[in-house]
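[1] Whatever this is, show me its structure:
(chains A, B, C, D, E, F, G, H, I, J, K and L)
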Number of protein chains: 12
Amino acid sequence: MSDHHVYKKVEVVGSSKTSIEDAIEVALDECSKTLRNIEWFEVKETRGHVVDGKVGHYQVVLALGFRIENS
Amino acid sequence: MSDHHVYKKVEVVGSSKTSIEDAIEVALDECSKTLRNIEWFEVKETRGHVVDGKVGHYQVVLALGFRIENS
Amino acid sequence: MSDHHVYKKVEVVGSSKTSIEDAIEVALDECSKTLRNIEWFEVKETRGHVVDGKVGHYQVVLALGFRIENS
Amino acid sequence: MSDHHVYKKVEVVGSSKTSIEDAIEVALDECSKTLRNIEWFEVKETRGHVVDGKVGHYQVVLALGFRIENS
Amino acid sequence: MSDHHVYKKVEVVGSSKTSIEDAIEVALDECSKTLRNIEWFEVKETRGHVVDGKVGHYQVVLALGFRIENS
Amino acid sequence: MSDHHVYKKVEVVGSSKTSIEDAIEVALDECSKTLRNIEWFEVKETRGHVVDGKVGHYQVVLALGFRIENS
Amino acid sequence: MSDHHVYKKVEVVGSSKTSIEDAIEVALDECSKTLRNIEWFEVKETRGHVVDGKVGHYQVVLALGFRIENS
Amino acid sequence: MSDHHVYKKVEVVGSSKTSIEDAIEVALDECSKTLRNIEWFEVKETRGHVVDGKVGHYQVVLALGFRIENS
Amino acid sequence: MSDHHVYKKVEVVGSSKTSIEDAIEVALDECSKTLRNIEWFEVKETRGHVVDGKVGHYQVVLALGFRIENS
Amino acid sequence: MSDHHVYKKVEVVGSSKTSIEDAIEVALDECSKTLRNIEWFEVKETRGHVVDGKVGHYQVVLALGFRIENS
Amino acid sequence: MSDHHVYKKVEVVGSSKTSIEDAIEVALDECSKTLRNIEWFEVKETRGHVVDGKVGHYQVVLALGFRIENS
Amino acid sequence: MSDHHVYKKVEVVGSSKTSIEDAIEVALDECSKTLRNIEWFEVKETRGHVVDGKVGHYQVVLALGFRIENS
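    Now for the predicted structure:
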């Protein structure tokens, strides 16, 4: 029924050498290949690898919410 | 092996104009189309949209647990 | 001393086939058979069993606060 | 700027003798007298008073989100 | 009394199409129109809308702390 | 309606050179100048500044609950 | 067996007009009338009633741990 | 009523020199002397004493759930 | 791109009659039938069923992280 | 660089027979023997030992923040 | 002063191929080379690496508490 | 033993006038002067000072994990 939408949330981890925002975009990019209707994200954790005393990769754990089709 | 069951948990959001309980049933309804063996739910968050100073939709974030078949 | 009340909190789980509110009343009903002076409750968790893709039982975990007599 | 909305969240407690949903509506009702543009709510806590072993009042602690006007 | 400052905290949500930092500045910008003496912020949640598989808006939930005047 | 009270919660920070209790009283003192009907407080955080290896100020973050008038 | 002690934890609320420490002592005092072997306490919440803009009662929620006898 | 079971949860601490699992069994063992119908446990905390740089005792804080008889 | 890995996290529950470690292995065993590239796990909850005052099954709730292929 | 301060946080436990405030001062006293530049503390836990139904020691778990020199 | 002990807590991660308990002992072993007077540990997180669908290493994040000498 | 690495975690606060990422790099920079083998970081809190209604400094609380040498 059109006013009874159901959403699913999945947890993913994006990584990037440049910024937190880029790690989020990288995760969205990959996931939107297989998931349609992604509508929102929530940052769950921000962390990263350190290489030689500098940030190697930012790693951002995200929950992505998408509408289940035809719901 | 029958005494080594494995369960999976997925996070979904049901919505309803009428009540929290109805939002839970709406989510179960939609998910049981594709998931067999749902055995329990856990309410993670209760929230909603407001329209003209009244509840427009209740939105209930649920974890659903289901047995992996043949596990 | 009358202005030094002491309260105790116990954790119980009520269940109901019909609603979250009913599960709360069921728990209060049972506990008030043995505990006098229950003054408040706090909902700690809301969950339930699923049977054939529908809510079988709502299960509500409550903390109940009651005054210790003569305190 | 129209694509730079800013929202404010306030925490309120609604109460009702009948149900959790009614306590939410009571809080929205009261707050929409003074706040325009309430757009969502989040349930933070559900609790209540107990009178003679029965629920006297449900008390629901809510965060209400509303758009700051002209933001 | 000068050594008895009292602060108030309010919760706001800033949004931006470009970055998390910009969403924080947008919220500060709007709130400093009506609140004097904002002294600090705490990020409570970072989330956002997704449009066509890309970040539409970053939404940052902030607590802002400001000194109550003459306190 | 008299049995449908609505409460609002605000978050404040009181400070004191002498004790945690005094920081709470300082916050109540300041807030009761502008808020009527404060009915309860909840301590959210206890922290402080350190000066020369001693407590300079205790800082207590409180939520204050007050009844909205005529609710 | 002497090296297999088992402890039980109960949650209580002590109240006092004077201080947080006194509310803890009031709770211990009352509970040690019926529980032997109380060995530790953990403060779970600190809150209170407000009367005329001043602290009416401090209310301290405690977990008390006591050794089960002969365990 | 048979389909309105009510459960109670108690918090206990089991200890063991050998393993986390043994500390859980030790707690169940002791508690089942006085509680019938224990149906589940939840591990709340795992900690321990250290003696000469080695684990002296594992201490496992558990919530035990048991059905209230005749509920 | 090889330096832009994306990971997904799924939540599963493994159970075992013998130990917490075995419940983790049981869950990994089942999930590695359908998921390639599982790289880490995080224990979210440890709980279990009790039968006749002894542990019937340990139940360990795990988040499993696996690399999305070709990411 | 003077506008790029870096702070370190350490966790300590102070104890006192008299009050929570004294346990905080005891911890600061001891730590300021070896740490310079302590600037703030945050109370993480308040607990204590019980002796004969009375508080034996208050134990306050603190995070202390201090500036790293020359940062 | 003998009745004013001060403790410090440090966070470490032990790893082991065999069990959670062994990872705890490995961490204690290493840390007791440089820290005297370790008195307790608290498990903060349990996680691990997965290799070929099996646990490669358990990784246990611990807080260790030790008495500051002469405190 | 080479397959029994032990890691230590320390909590630090980096600050920067420009961005969250820069505050992280500033903290890593300072800490890598004295700590070798830093392998990862986890963002625990993001906050900042506000000056004239704009961000003065971002302050990022980080846990840094480093391998204990020869472990």
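[2] strands paired with the helix or strand that contains A:Val13, and their directions?
    A:Val13 is located in strand A:6-16, with elements delineated by DSSP states H and E. Strand A:6-16 pairs in its sheet with strand A:54-67 (antiparallel), strand B:6-16 (antiparallel), strand I:6-16 (antiparallel), by DSSP bridges.
[3] tell me the contacts of the closest residue to A:His49 other than its chain neighbours?
    On the basis of C-beta to C-beta, 6 or more residues apart in numbering or on different chains, the spatially nearest residue to A:His49 that is not a chain neighbour turns out to be A:Gly56, at 4.0 Å. The C-beta positions use only the backbone N, C-alpha and C, and glycine is treated the same way. Residues touching A:Gly56, when contacts are defined by C-beta atoms under 8 Å, 6 or more residues apart in numbering or on different chains, comprise A:Lys17, A:Gly48, A:His49, A:Val50.
[4] How about A:Val26?
    With contacts taken as C-beta under 8 Å, 6+ apart, A:Val26 has the following neighbours: A:Gly14, A:Ser15, A:Ser16, I:His4, I:Val6.
[5] now the strand holding A:Val13, how far from the chain's geometric center?
    4 Å (C-alpha atoms, centre = their mean, to the nearest Å).
[6] Buried residues of the helix or strand that comes right after it, list them for me.
    From strand A:6-16 onward toward the C-terminus, using DSSP H and E, the following helix or strand is helix A:20-31. Residues of helix A:20-31 classed as buried under the neighbour-count rule (16 or more other C-beta atoms under 10 Å in any protein chain shown) are A:Ile20, A:Glu21, A:Asp22, A:Ala23, A:Ile24, A:Glu25, A:Val26, A:Ala27, A:Leu28, A:Glu30, A:Cys31.
[7] contacting residues around the helix or strand that helix A:20-31 is followed by?
    The helix or strand immediately downstream of helix A:20-31 is strand A:38-51, counting by DSSP H and E. With contact meaning C-beta under 8 Å, 6+ apart, strand A:38-51 is reached by A:7, A:11, A:15, A:20, A:24, A:27-28, A:31-32, A:55-67, E:45-50, E:53, E:55, L:24, L:28, L:38-43, L:64.
[8] try it again with 7 Å
    Strand A:38-51 is contacted by residues A:11, A:20, A:24, A:28, A:31-32, A:55-67, E:46-50, E:53, L:28, L:38-43 when judged by C-beta atoms under 7 Å, 6 or more residues apart in numbering or on different chains.
[9] For whatever residue of chain A ends up closest to chain E, report the pLDDT, please.
    Here chain A gets closest to chain E at one residue, A:Ser32, 3.0 Å apart by C-beta to the nearest C-beta. Each residue has a pLDDT score; the one for A:Ser32 is 96.
[10] I'd guessed it sits against E:Val55; true?
    No. Here A:Ser32 does not reach E:Val55: they are 11.3 Å apart, not a contact under C-beta atoms under 7 Å.
[11] Please report how far the residue lying closest to A:Ser19 once chain neighbours are set aside lies from chain D.
    If you skip the residues right next to it in sequence, A:Ser19 has L:Glu21 as its closest partner in space, 5.5 Å away by C-beta to C-beta, 6+ apart. Using C-beta to the nearest C-beta, to the nearest Å, one gets 22 Å for the distance from L:Glu21 to chain D.
[12] Which pLDDT does the model give L:Glu21?
    For L:Glu21, the pLDDT comes out at 98.
[13] Give me the distance between the closest residue to A:Asp52 other than its chain neighbours and J:Asn70.
    Distance criterion C-beta to C-beta, 6+ apart; nearest residue to A:Asp52, sequence neighbours excluded, is L:Ser32 at 7.9 Å. Distance of L:Ser32 to J:Asn70, computed by C-beta to C-beta, to the nearest Å: 15 Å.
[14] what about these two, which has more around it?
    When L:Ser32 and J:Asn70 are compared on other C-beta atoms under 10 Å in any protein chain shown, the one with more neighbours turns out to be L:Ser32, at 17 against 7.
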